[in-house]
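[1] How does the following fold in three dimensions:
(2 chains)
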2 protein chains.
Amino acid sequence: MDKKGLIIVLSGFSGAGKGTIMKHLLKKYPDAYHLSISATTRAPRQGEEDGREYFFRTQEEFDAMIANNELLEYATFNGNSYGTPRSYVEKLVEEGKDVILEIEIQGALQVKKMYPEAVLLFVMPPTANDLKERLVGRGTETADVIAQRLAISSRESQFMCGYDYLVVNDDLAKSVEQVHSIISSEHFRTARNEDTIKTIQKDLKKFERR
Amino acid sequence: MDKKGLIIVLSGFSGAGKGTIMKHLLKKYPDAYHLSISATTRAPRQGEEDGREYFFRTQEEFDAMIANNELLEYATFNGNSYGTPRSYVEKLVEEGKDVILEIEIQGALQVKKMYPEAVLLFVMPPTANDLKERLVGRGTETADVIAQRLAISSRESQFMCGYDYLVVNDDLAKSVEQVHSIISSEHFRTARNEDTIKTIQKDLKKFERR
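    Purely as a prediction, here's the structure:
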């Protein structure tokens, strides 16, 4: 089948469980997927390491990356910039590896514009109430922050149709398998296998001439 | 997820093994898939039963089905007409069942034109030589018939890009799983889940107003 890897974007509402799906996907299929590491201007939190969780950069360094077209996508949240270094992703894709970008909606739509062959997955909880309950259940955020998160989710939901696939995260193990199945299946698209098609067309032609 | 079933078209070169894949798929997942039964003007072979292998019809009856728009697609091979009765397929799809049409390329492209949401799979052997060897290996056809089949395959190969997915049938069990994975994943396309998206958009909006 196709030799090139896929660019996979995983987004979803805050509290929908995309981080957990991702963690289990990488654990279950360690050789199949690679995680893209973002660059950010925010300060490292305790235990975070440069090049592992993020590439920590100054605002000047980050702006230079933008100016040099070194970012595949970037966006700003809470005054901090986040972006995906292009070279790392493109290198892995050329090597035939599937790279997963866990990024927000603004960035996801930038990726789709630049790489129409990218596969965009959106993770949502079964219902809006489930989302609220999950955020409340965490017990780590104030009511104000939760209300703000839900308002952001509502605005984000307007862009869901820009994604290719929707994963309703009701059961973690099932969602992990769904994501794996979606990505595996995408490799079989005819548009990703033009070389294979051209080869058999050419070889069958030879039989015709005999 | 979506409540409607999918129209799935499975085509492939003669000798590529699509019939075998289909048989094993239906055996392994008997509740997941339904097989569409074609109407044909050819005479029943020994052991074939009307309504099981085919709906056997006279040419006049077949022409009336065409005139009444009762066929989803139809085509002619070796002087015999073959077609897919529309009502049976549409009824199953409305009931949320996935219906598989094992049909030739002319018919497949008719289906895609009328139902752009249909999923078209093309089954091919790893190489053109494998195809030839499989046809020779059957030992049931003369060299002339095999040459004719290969010439037909060559012409058919020109339309492969009109399909959505390509299944390289190297290993039967693997191909059956690939077909199952492709169909399962198609259910998660955002375009097939617009109701789910509209519902969560509406429900999240309520949180925003509070």
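
[2] OK, contacts around the spatially closest residue to residue A:110 that is not a sequence neighbour?
    Distances taken as CB to CB, 6 or more residues apart in numbering or on different chains place residue A:73 nearest to residue A:110, at 4.0 Å, with adjacent residues excluded. No exception for glycine: its C-beta is placed from N, CA and C like everyone else's. By CB atoms under 8 Å, 6 or more residues apart in numbering or on different chains, residue A:73 lies in contact with A:83, A:84, A:101, A:103, A:106, A:107, A:108, A:110, A:111, A:114.

[3] Direction included, what does the helix or strand the third one falls within pair up with?
    Looking back up the chat, that one is residue A:101. Element membership for residue A:101 (DSSP states H and E) is strand A:98-102. The strands beside strand A:98-102 in its sheet (DSSP bridges) come out as strand A:7-12 (parallel), strand A:33-35 (parallel).

[4] after it, next one along is what?
    Counting by DSSP H and E, what follows strand A:98-102 is helix A:105-114.

[5] Name the residues that touch the next helix or strand after that next one?
    Counting by DSSP H and E, the element after helix A:105-114 in chain order, helix or strand, is strand A:119-124. By CB under 8 Å, 6+ apart, the surrounding residues in contact with strand A:119-124 are A:6-13, A:16-18, A:21, A:108, A:111-112, A:131, A:160, A:162-169, A:175, A:179, A:182-183, A:186, B:190, B:200.

[6] Could you do stretch A:42-55 as well?
    Under the criterion CB under 8 Å, 6+ apart, residues A:37, A:38, A:39, A:40, A:56, A:80, A:82, A:85 lie in contact with stretch A:42-55.

[7] residues near the second one, how many?
    In this case it means residue A:38. 21 (other CB atoms under 10 Å in any protein chain shown).

[8] picking up where we left off before, adding mean pLDDT, write the strands paired with strand A:98-102 out as a markdown table.
    Conversion of the strands paired with strand A:98-102 to a markdown table gives the following (pLDDT from 0 to 100):
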| stretch | mean pLDDT |
| --- | --- |
| strand A:7-12 | 97 |
| strand A:33-35 | 93 |
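
[9] Of all those, which one comes closest to residue B:144?
    Set against residue B:144 and scored by CB to CB, these come closest in strand A:7-12, at 48.8 Å.

[10] Just the CA atoms of whatever helix or strand comes next after that closest one, as PDB, please.
    Per DSSP H and E, the first helix or strand lying C-terminal to strand A:7-12 is helix A:18-28. Below are the C-alpha coordinates for helix A:18-28, written out as PDB (Å, rounded to 0.1, in the frame of the first residue of the first chain):
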ATOM      1  CA  LYS A  18      -8.800  13.100  23.800                       C
ATOM      2  CA  GLY A  19      -5.700  13.100  25.900                       C
ATOM      3  CA  THR A  20      -6.600   9.800  27.500                       C
ATOM      4  CA  ILE A  21      -7.500   8.200  24.100                       C
ATOM      5  CA  MET A  22      -4.200   9.400  22.700                       C
ATOM      6  CA  LYS A  23      -2.200   8.000  25.700                       C
ATOM      7  CA  HIS A  24      -3.900   4.600  25.400                       C
ATOM      8  CA  LEU A  25      -3.500   4.600  21.600                       C
ATOM      9  CA  LEU A  26       0.200   5.200  21.800                       C
ATOM     10  CA  LYS A  27       0.600   2.600  24.500                       C
ATOM     11  CA  LYS A  28      -1.400  -0.100  22.600                       C
END
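
[11] got the buried residues for helix A:18-28?
    Buried residues in helix A:18-28, defined by neighbour count with 16 or more other CB atoms under 10 Å in any protein chain shown: A:18, A:21, A:22, A:24, A:25.
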